[in-house]
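Colleague: any chance you could fold what I've pasted below:
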Amino acid sequence: MFDTQKTGEIIAQHRRQKNMTQMELAEEMSVSFQAVSSWERGNTMPDISRLPQLCSILGISIDQLLGDNPYLPTVHQLLEPQQNNAIPAQHLIDLEPAIKPRDLSEMIHQNRESMFFESFDQLLQLIPFLTQEDAEALVRAHRPLITSLDDFAMIAPMLSTELVLEIVDQLPMENAGSTTCLLLAPFIGPERMQHLLEQSPAVLESGETVAQLAPFVARDYLHHILSQRQFSFSQEELFLLAPFVEQPLLQQMVEHFSAAQPLSAKALAQFAPFLSPEFLHVMLKRCC
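Modeller: Here you go, the predicted structure:
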């Protein structure tokens, strides 16, 4: 981790040598004196883009400010980008609170071929700051780090459908979690979604998950799921299913639900577009 404590001590030391108060330094930097106090206590560090200004005020160099800090080369790279300088991804993760989002994105864009990632978690932490183009370049360059479908699902929404399908087809699908299935559902199509669910049967034990996945599976497969077991659906979940279930089956499900929890006329009005007039008439007579 970046040693903000040591950097803060150096800021305080050179501020005193300049016979400046925290308020005076804050005014010179156009920040609050609380910000300067926080730097000197080591709770935070100045925005990296403003380090040259801070060093100029204190009469020191960036090297003097950071000393033998291992992050020094990365800070120099941020301030004066040089092509092909290898950058540990963990440095950018640790320094992220002190880097403007646009500067961070540009830094990764310029150095995406030479950045060094040690784990998928590092990819996960940096990808949200990137354009889709840069995110995909990093994913392709560090593809061996992606070994789990559950992990990959967390970054899939930030990638193109083409790349998502390419990687999904390379990863084992067994025992995926419900969150993984829900994250991937909009991108992988009904056929792959069915295969994924067949390899991960525990996902289909939850009526809530089945209702949420209904728009992303083939209708005949959804009917197969619903016929295999008796789910306990809430009224909201039943309504989510309504557009994707054939009318006879939906009417059976509505009748089963209302046997335990009668539907109000207002609730039935929501289901009306999906029910036959005859069935709706019978249900309205029951609730009124």
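Colleague: for the closest residue to residue 159 other than its chain neighbours, give me its contacts.
Modeller: Setting aside the residues directly before and after it, residue 159 is nearest to residue 136 in space (CB to CB, 6 or more residues apart in numbering), at 5.7 Å. The C-beta positions use only the backbone N, C-alpha and C, and glycine is treated the same way. Going by CB atoms under 8 Å, 6 or more residues apart in numbering, residue 136 touches 159-160, 163.
Colleague: got a list of contacts for the one helix or strand residue 241 maps to?
Modeller: Using DSSP states H and E, residue 241 sits within helix 235-241. With CB under 8 Å, 6+ apart as the test, helix 235-241 has contacts from 207-208, 210-212, 214, 222, 233, 250, 253-254, 257, 261, 263, 267, 270-271.
Colleague: can you tell me how far residue 217 sits from residue 209?
Modeller: 11 Å (CB to CB, to the nearest Å).
Colleague: between those two, who's got more neighbours?
Modeller: residue 217 (23 against 20; other CB atoms under 10 Å).
Colleague: can you pull the pLDDT of that one?
Modeller: With respect to pLDDT, residue 217 scores 96.
Colleague: please apply the same query to the one 5 residues further on.
Modeller: Residue 222 is assigned a pLDDT of 95 by the prediction.
Colleague: got a list of what it touches?
Modeller: 210, 214, 241, 244-245.
Colleague: what of residue 271?
Modeller: Applying CB under 8 Å, 6+ apart, the residues contacting residue 271 are 238-239, 242, 250, 254, 263, 280.
Colleague: tell me which of those residues is nearest to residue 23?
Modeller: residue 239 (60.0 Å; CB to CB).
Colleague: could you give the number of residues near that closest one?
Modeller: Residues near residue 239, counting by other CB under 10 Å: 16.
Colleague: low-confidence ranges, the stretch 151-288 of the chain, go.
Modeller: The model of the stretch 151-288 of the chain has pLDDT under 70 over residues 288.
Colleague: tell me where it has helices.
Modeller: 161-168, 178-199, 207-213, 219-228, 235-241, 247-260, 265-271, 277-287 (DSSP state H, counting those that start in this stretch).
Colleague: can I get those in JSON lines including distance to residue 92?
Modeller: Shown next, in JSON lines, are those (distance: least, CB to CB, whole Å):
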{"stretch": "helix 161-168", "distance to residue 92": "22"}
{"stretch": "helix 178-199", "distance to residue 92": "25"}
{"stretch": "helix 207-213", "distance to residue 92": "35"}
{"stretch": "helix 219-228", "distance to residue 92": "43"}
{"stretch": "helix 235-241", "distance to residue 92": "40"}
{"stretch": "helix 247-260", "distance to residue 92": "51"}
{"stretch": "helix 265-271", "distance to residue 92": "49"}
{"stretch": "helix 277-287", "distance to residue 92": "59"}
